[in-house]
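Engineer: below are the sequence and a predicted model for it; my questions follow.
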Amino acid sequence: LSVGAHMANPCGHTCCGECGYGWLARNRYTPTCAVCRSSLSDTKPLLPNFTVDNLVRQHLQTLARSGWPDWQDKGYRYIDWNKRLVCVSTVL
């Protein structure tokens with residue numbers, strides 16, 4: 001599931017924050033979009049995508065309410081997702 005979604009600037013493709021920053025780290029001298037390979041902004045190559053983040057959060061809440069124990073507050077998948085989110089947030 002997407003964690004800390006970010007949008008490539010200027011093409012607008014969205015990826016998980018972990019994936020996006022990992023891609024940029026491997027391509028730091030010529031930053032490109034991981035999807036279309038277009039050149040990204042030198043100053044702000046990735047921008048937070050709050051819309052996708054909100055959709056993912058709503059989906060997780062729906063999974064938890066529908067009885068999936070893995071996605072409830074103490075479920076292992078929710079805990080893992082939240083840890084990854086904290087890691088992406090510290091990169092920013």
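Structural biologist: Everything's here; your move.

Engineer: for stretch 84-92, list every residue counted as buried.
Structural biologist: Residues 84-85, 88 are the ones in stretch 84-92 that count as buried (16 or more other Cβ atoms under 10 Å). C-betas here are computed from N, CA, C, even on glycine.

Engineer: secondary structure element for residue 56?
Structural biologist: According to DSSP states H and E, residue 56 maps onto helix 50-65.

Engineer: just want the angle from the next helix or strand after that helix to helix 50-65.
Structural biologist: Later in the chain than helix 50-65, the nearest helix or strand by DSSP H and E is helix 76-91. On the basis of axes from the mean of the first three to the mean of the last three Cα atoms, to 10 degrees, helix 76-91 is oriented at 160 degrees to helix 50-65.

Engineer: so which elements touch helix 76-91?
Structural biologist: helix 17-26, helix 50-65 (3 or more Cβ pairs under 8 Å, 6 or more residues apart in numbering; DSSP states H and E).

Engineer: how much space separates residue 34 from residue 58?
Structural biologist: Residue 34 is 25 Å from residue 58, where distance means Cβ to Cβ, to the nearest Å.

Engineer: okay, those two: which has more neighbours?
Structural biologist: Neighbour count, other Cβ atoms under 10 Å: between residue 34 and residue 58, residue 34 has more, with 17 against 10.

Engineer: burial count for the closest residue to the more buried one other than its chain neighbours?
Structural biologist: Closest residue in space to residue 34, ignoring its immediate chain neighbours: residue 23 at 4.3 Å, by Cβ to Cβ, 6 or more residues apart in numbering. The tally of other residues near residue 23 (other Cβ under 10 Å) stands at 20.

Engineer: residue 21 too?
Structural biologist: Other residues lying near residue 21 total 19 when counted by other Cβ under 10 Å.

Engineer: and the residue lying farthest from the centre of the chain, its phi and psi?
Structural biologist: Distance from the centre of the chain peaks at residue 67, with 24.9 Å (Cα atoms, centre = their mean). Dihedral pair for residue 67: phi 100, psi 10, per degrees, to the nearest 10.
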